[in-house]
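Colleague: sharing a model prediction with you, sequence too.
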Amino acid sequence: MVRVKICGITNLGDALLAVENGADALGFVFYDKSPRKVTAKVVAQIVEELPPFVSKVGVFVDSSLEEVAQIMAFCRLDLAQLHGEECPAYCEALHPRVIKAFRVRERWTLDRMNDYRAVAYLLDAYNPGKAGGTGETFDWEIARTIGVKARVILAGGLTPTNVRQAIELVRPYGVDVSTGVEISPGKKDAGLVRAFIRAAKGVDK
């Protein structure tokens with residue numbers, strides 16, 4: 001069964017909402033330019049209240065290795081998800097607790113994946129002004145070709161209405177959603193979260 005990550009969590013209520021509805025992982029954004037940016041102190045408090053067997057993921061964009069390590073330790077995070085221009089050596093230093101994100105424009109943009117060692121690769125839509133959370137989709141056929149070679153986490157423009165179609169086409173290891181289940185940036189909609197997870201996991205309504 002495909003894994004589901006609800007990203008852009010900013011408060012305990014939304015974290016518990018996601019977990020209670022079957023989310024396998026939660027994402028916390030540590031990027032100053034994101035409207036979903038959250039502090040390490042807040043994340044540590046949220047993590048303290050979570051049940052076991054939920055993966056906690058920190059989302060970073062070109063932060064220093066020292067900062068990433070400090071935040072992961074303080075917040076007791078399981079994985080770092082990298083959305084910037086981090087080099088292969090940077091990824092290697094965090095391996096195996098690392099997911100590398102790639103913003104997809106054309107098929108050739110993923111040729112760099114071979115240079116990176118990560119536990120999984122997140123494929124997101126390309127937007128020149130944003131590092132993620134755009135709410136835009138990309139050509140899923142590109143992700144389909146990659147998914148047979150590596151653990152792919154599909155992101156970018158996923159919603160309760162299109163996630164099942166995306167999964168059936170790409171066959172990803174997991175799916176990642178933020179914008180598609182929000183009332184506003186950083187605030188989740190309970191109905192959308194529930195519908196997304198049920199659709200992703202193929203649970204009948």
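Modeller: Done, it's in.
Colleague: now stretch 138-147: buried residues?
Modeller: Buried residues in stretch 138-147, counted by 16 or more other C-beta atoms under 10 Å: 138, 140, 142-144, 146-147. Backbone N, C-alpha and C define where each C-beta goes, glycine included.
Colleague: who are the contact partners of the closest residue to residue 55 other than its chain neighbours?
Modeller: Excluding the flanking residues, the one nearest residue 55 by C-beta to C-beta, 6 or more residues apart in numbering is residue 25, at 3.8 Å. Residue 25 sits next to 3-6, 54-57, 79, 174 when contact means C-beta atoms under 8 Å, 6 or more residues apart in numbering.
Colleague: equivalent analysis for residue 76, please.
Modeller: Taking C-beta under 8 Å, 6+ apart as the test, what residue 76 contacts is 44, 47, 56.
Colleague: cool, residue 37 as well?
Modeller: Residue 37 touches 29-31, counting by C-beta under 8 Å, 6+ apart.
Colleague: quick one: neighbours of residue 88, just the number.
Modeller: 14 (other C-beta atoms under 10 Å).
Colleague: so for it, what pLDDT did the model give?
Modeller: Residue 88 carries a pLDDT score of 96 in this model.
Colleague: again, but for the one 4 residues further on
Modeller: Looking at residue 92, its pLDDT stands at 96.
Colleague: shouldn't it be in contact with residue 117?
Modeller: Yes - counting by C-beta atoms under 8 Å, residue 92 does reach residue 117; the two are 5.8 Å apart.
Colleague: okay, which residue is most central for the chain?
Modeller: The centre of the chain sits closest to residue 176, judged by C-alpha atoms, centre = their mean, with a distance of 4.6 Å.
Colleague: picking that back up, by neighbours, which of the contacts of residue 25 wins?
Modeller: Counting by other C-beta under 10 Å, top hit in the contacts of residue 25: residue 6 with 27 neighbours.
Colleague: list phi and psi for it.
Modeller: phi -100, psi 120 (degrees, to the nearest 10).
Colleague: tell me what it is bridged to.
Modeller: Under DSSP bridges, the beta-bridge partners of residue 6 are residue 26, residue 177.
Colleague: please tell me how far it sits from residue 192.
Modeller: 10 Å (C-beta to C-beta, to the nearest Å).
Colleague: what touches both of these two?
Modeller: residue 181.
Colleague: do you know the pLDDT at the residue nearest to residue 55?
Modeller: 98.
Colleague: again, but for the one 3 residues further on
Modeller: pLDDT, residue 28: 98.
Colleague: helix or strand right after the strand or helix carrying it?
Modeller: Following DSSP states H and E, one finds residue 28 within strand 25-29. Counting by DSSP H and E, the next helix or strand C-terminal to strand 25-29 is helix 40-48.
Colleague: quick revisit: excluding chain neighbours, give the residue nearest to the residue nearest to the centre of the chain in space.
Modeller: residue 155 (3.9 Å).
Colleague: distance-wise, check residue 194 relative to residue 181.
Modeller: 9 Å.
Colleague: and those two? which has more neighbours close in?
Modeller: Between residue 194 and residue 181, counted using other C-beta under 10 Å, the more crowded position is residue 181 (25 against 19).
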